[in-house]
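okay, sequence plus prediction incoming.
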Amino acid sequence: MSSALENAPAPVPGSVGTPPRTGVASMLSRGHVGTLAALIALLIFNFLFTPHFATMQTLSVNLTQVCVIVIVGVGMTMVIATGGIDLSVGALMAIAGAFAPQIFQGLLFPVPNLYVGIALGIILPVILAGCFGLFNGWLVANFRVQPIIATLILFIAGRGIAQVWTNGDLQVFKVPEFQQIAIGRVFGVPFQVWIMLALVLISAWALRRTVYGRQVLAVGGNEQAAWLAGIPVRRVKMLVYVISGVCSGIAGLIVIAMNSAADANLIGMGIELDVIAAVAVGGTLLTGGRATIIGTLLGALIIQLVRYTLLANGVPDAAALIVKAGLIVLAVWLQRQDRA
Amino acid sequence: MATAEPFLSMRGIDKSFGNIPALTGASLEVNEGEVMALIGQNGAGKSTMIKVLNGFCRKDAGGITFNGETWSASSPEMAQRGGVSTIFQEINLIPFRTVTENIYLGRELKNRFGLLDLRRMHDGARALLAEFDVDVDVRRPLGEFSTAIQQMVAIARAVSFESRLVIMDEPTSSLDEHEVAVLFETIRRLKAKRVAVVFVSHKLDELYAVCDRVTVMRDGRTVAVSPMSEMSKLQLVATMLGRDLAEVRRAGATAFTEGTRAIGEELLSVRDVAVGRRVHDASLSVRRGEIVGLAGLLGAGRTETARAIYGAGPHEKGEIRLLGKKTDFTEPVDAIRAGIGFCSEDRKHEGIIPGMSVRENLTLALLPALSRAGIVDEARQREIVLRFIKEIGIKCSSPEQRIRELSGGNQQKVLLARWLCMNPKLLILDEPTRGIDVGAKAEIQRLIRKLADDGLGVLMISSEIEEIVEGADRVFVLRDGRTTVELDGAAITEPAVMGAMAHGHGDVE
């Protein structure tokens, strides 16, 4: 006995309900209005009060800083959509980042020329990170290990693997052709921003329109019901961790390309918390079943912009951390309002 | 000091959710030491009425007096302290904590050092449960016991607060006959102590067994109040539905009518199946175009047998054949591919995906077939959803409405449609009308009959004997995990089914 809706007149099929929206409109749902409004308010504030805000350089700085978080956030949003969490993302970034230079510099095995080396140096580390993601998924799906524990294993061991592999040394390299993936520009915008946008758009579309995307949300919404309806719950869960691993791998490569150095001790350090914060601020339900990748993008932008605003107006970074925490509290509170 | 004012009086209660009115001028009056039945269809406003009383929601208008004073509980805890306790349909206790801890939750006994006095609490819990004929080790975690025991613990807990009014919202839905009898005994004892009881149930027999008066609600209003003995079952149903008595009499108690009975080849055969500790030797069969009833007491192994057929649970022994071929389902998806659909008895936890729309819930299983290269064909999806909404009369504001906002009956229709759009050969329905109001129940029963007439095989588990007797073409009765009797045609009578459930053999052989 839920409500008086029982007594509502039966609808005339075809005449009621909004048809499913398509294109960009479908991706920007009502749930984003608040997040978007906050972002616009921040932008207006900055245009008015922050010196030199309306410059290409400011845009570039902010976008490059947010890129890595958003790319990892794409995978994290999918994992959280199933009701899981992935703590190992930073460690997987370190693994991909530590392996790549050794491949394209030909230290691991001889490569015929630079370009083949770079191609392998991109593909193999990403696959490797995906395999580690598969390990996470295998633990979660087959042994029903709680996601926070399952991914804690690689959170601890993953960075260790990268460090042992490189003897903890900083690998400096100068391969501009490889570094294009981060710092090359297309239409004046860094290439990594294009990668980020492509990933966001593809995955947002996939979550909405593909069978797999809907199954991810169904599993997060009610796992038992999904299983009884014939959804391959184990495979669905396994795959979200692989996706998260692949996204982390890509992010790891971007980080080393930006720095022209790979330091297994530092790549992706502490990023998991920034990413989870972006996902939460973006409006994805941390208990699963409702997820928005566009929201994650907006969430990451808001967190970044708040930090930038404070820094540019002379507030120290340490204080910015407190504001960031406040944002998360606000986001969680808003989610609760929505559910009540 | 004796006034005409009743013990509990709720008058002119209004309550809206958003702009949808749930209650309009509803009233409820209960005297001291009286058992009041509160009935109505789903969506009639019973639950809302209870929630207003126990402080779970705030009323928009109206007045409540209780025990001579104005009543203004703003939370269930406050209501409990004020002498009103509620036993909810779903058990809300803590499965990992012991039975004792659950009973004393929030009012633990302490010794003189301020520490928990476990011994006194265990003794108290044992004594309390003994009153209910429940003999369990109170030091074990609650979750280890059956649902029925858990329900009894919940009832014992609620009663043990020195309550002056106890609200029971479908307390018997997970109890077996004996436990129901014990519960009724408890209600009578409460009555003797001048405690008032509000009893909500969909099972009419229970109301007549234990209630003094009845309040009938419909569309958020109180439409009738009468002594139980002055209202016949048919009158009761008619008032609930707001229909003419003669019409209901013509339609029968359930909506199952004699079908055309074009019964075909054997679809499913289950031989000597054993599942865990519950099922030892279950056998049954379903043919094309027939409804097969699976009857038995709570814990007789009906659900376990059904889940084994569907691949949702293992079976250790015996064989299951579908269209003559031995099946080897390890996951529900295997059974679905073979043409079986399954509606769980637990709609909320194993059926609906609450946050998703009617459209998505309806096409959940069909999704792979609705797609090209993994991309959902939304136009076709929408077309199918609209067709089923119309065909089986799902009441929703739009296909995009979230399913959790629908009434139980409409949720069940969506779940049936989830399988019907797959064109299954066999449908397994575990308690298809549990917790569904009379009107929607009749619609669902009619739908099941029609599906069978169209050639579908249906295996229907039901705890309502009427539903089995009137609905099924053949009946198998399980008792303690063994198939005891198969009844066919005219041999299906209430005494025969009940006899088989109770003694393991039908009175009519």
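All right, it came through fine.

for the closest residue to chain A within the stretch 351-500 of chain B, give its distance to residue A:103.
Here the stretch 351-500 of chain B gets closest to chain A at one residue, residue B:398, 2.8 Å apart by CB to the nearest CB. Just so you know, the C-beta spots here come from the backbone N, C-alpha and C atoms, and that holds for glycine as well. Shown here: residue B:398 relative to residue A:103, a distance of 54 Å by CB to CB, to the nearest Å.

all helices of the stretch 1-150 of chain A, in order?
A:23-27, A:32-49, A:56-81, A:89-104, A:114-143, A:147-165 (DSSP state H, counting those that start in this stretch).

now mean neighbour count too, for those, in JSON lines please.
Formatted as JSON lines, those follow (neighbours: other CB atoms under 10 Å in any protein chain shown):
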{"stretch": "helix A:23-27", "mean neighbour count": "12"}
{"stretch": "helix A:32-49", "mean neighbour count": "14"}
{"stretch": "helix A:56-81", "mean neighbour count": "23"}
{"stretch": "helix A:89-104", "mean neighbour count": "29"}
{"stretch": "helix A:114-143", "mean neighbour count": "20"}
{"stretch": "helix A:147-165", "mean neighbour count": "19"}
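
out of those helices, the one nearest residue A:224 is which?
With CB to CB as the criterion, residue A:224 lies closest to helix A:114-143 of the helices of the stretch 1-150 of chain A, at 14.9 Å.

before we move on, which element is residue B:381 in?
Using DSSP states H and E, residue B:381 falls within helix B:378-391.

what does residue B:320 give?
strand B:317-322.

chain center to that strand: distance?
Remark: strand B:317-322 is offset 30 Å from the chain centroid, using CA atoms, centre = their mean, to the nearest Å.

just stretch B:59-70 next, same as before
Counting by CA atoms, centre = their mean, stretch B:59-70 is centred 30 Å from the centre of its parent chain.

flag every buried residue along that stretch.
Residues of stretch B:59-70 classed as buried: B:59, B:62, B:64, B:65, B:66 (neighbour count, 16 or more other CB atoms under 10 Å in any protein chain shown).

what is the nearest of those residues to chain A?
Relative to chain A, the closest of the buried residues of stretch B:59-70 is residue B:59; by CB to the nearest CB it sits at 15.0 Å.

before we move on, the earlier item: make JSON lines from the buried residues of stretch B:59-70 and add distance to residue B:363 to it.
Formatted as JSON lines, these follow (distance: CB to CB, whole Å):
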{"residue": "B:59", "distance to residue B:363": "39"}
{"residue": "B:62", "distance to residue B:363": "42"}
{"residue": "B:64", "distance to residue B:363": "45"}
{"residue": "B:65", "distance to residue B:363": "50"}
{"residue": "B:66", "distance to residue B:363": "48"}
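
what about whichever helix or strand comes after the strand holding residue B:320, average pLDDT?
Per DSSP H and E, strand B:317-322 leads on to strand B:325-326 as the next helix or strand towards the C-terminus. Averaging pLDDT along strand B:325-326 yields 88.

for the helix or strand just after strand B:325-326, packing partners?
Toward the C-terminal end, the helix or strand that comes next after strand B:325-326 (DSSP H and E) is helix B:332-337. Helix B:332-337 is packed against helix B:302-310, with contacts defined by 3 or more CB pairs under 8 Å, 6 or more residues apart in numbering or on different chains; DSSP states H and E.

which residues does the closest residue to chain B within the stretch 51-200 of chain A contact?
The stretch 51-200 of chain A approaches chain B most closely through residue A:81 (11.2 Å), counting by CB to the nearest CB. The contact partners of residue A:81, taken as CB atoms under 8 Å, 6 or more residues apart in numbering or on different chains, are A:207, A:216, A:217, A:220, A:240, A:284, A:288, A:289, A:290, A:291.

quick one: those as TSV, columns for distance to chain B and neighbour count too.
Listed next are those as TSV, based on distance: CB to the nearest CB, whole Å; neighbours: other CB atoms under 10 Å in any protein chain shown:
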residue	distance to chain B	neighbour count
A:207	11	22
A:216	12	28
A:217	7	24
A:220	9	28
A:240	15	29
A:284	12	29
A:288	9	22
A:289	5	22
A:290	6	21
A:291	11	26
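
okay, and which of these map to helices?
Cross-referencing these against helices under DSSP state H gives A:207, A:216, A:217, A:220, A:240.

picking that back up, in JSON lines, list the contacts of residue A:81 along with pLDDT.
Listed next are the contacts of residue A:81 as JSON lines, based on pLDDT from 0 to 100:
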{"residue": "A:207", "pLDDT": "94"}
{"residue": "A:216", "pLDDT": "96"}
{"residue": "A:217", "pLDDT": "95"}
{"residue": "A:220", "pLDDT": "94"}
{"residue": "A:240", "pLDDT": "97"}
{"residue": "A:284", "pLDDT": "89"}
{"residue": "A:288", "pLDDT": "90"}
{"residue": "A:289", "pLDDT": "89"}
{"residue": "A:290", "pLDDT": "89"}
{"residue": "A:291", "pLDDT": "92"}
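
what's the closest of these to residue B:124?
residue A:288 (40.5 Å).

backbone phi and psi for that closest one, please?
Backbone dihedrals for residue A:288, given as degrees, to the nearest 10, come out at phi 90, psi 160.

in this structure it contacts residue A:80, no?
Yes: at 6.7 Å, residue A:288 counts as touching residue A:80 under the criterion of CB atoms under 8 Å.

okay, and the common contacts of the two?
The contact sets of residue A:288 and residue A:80 overlap at residue A:220 (CB under 8 Å, 6+ apart).
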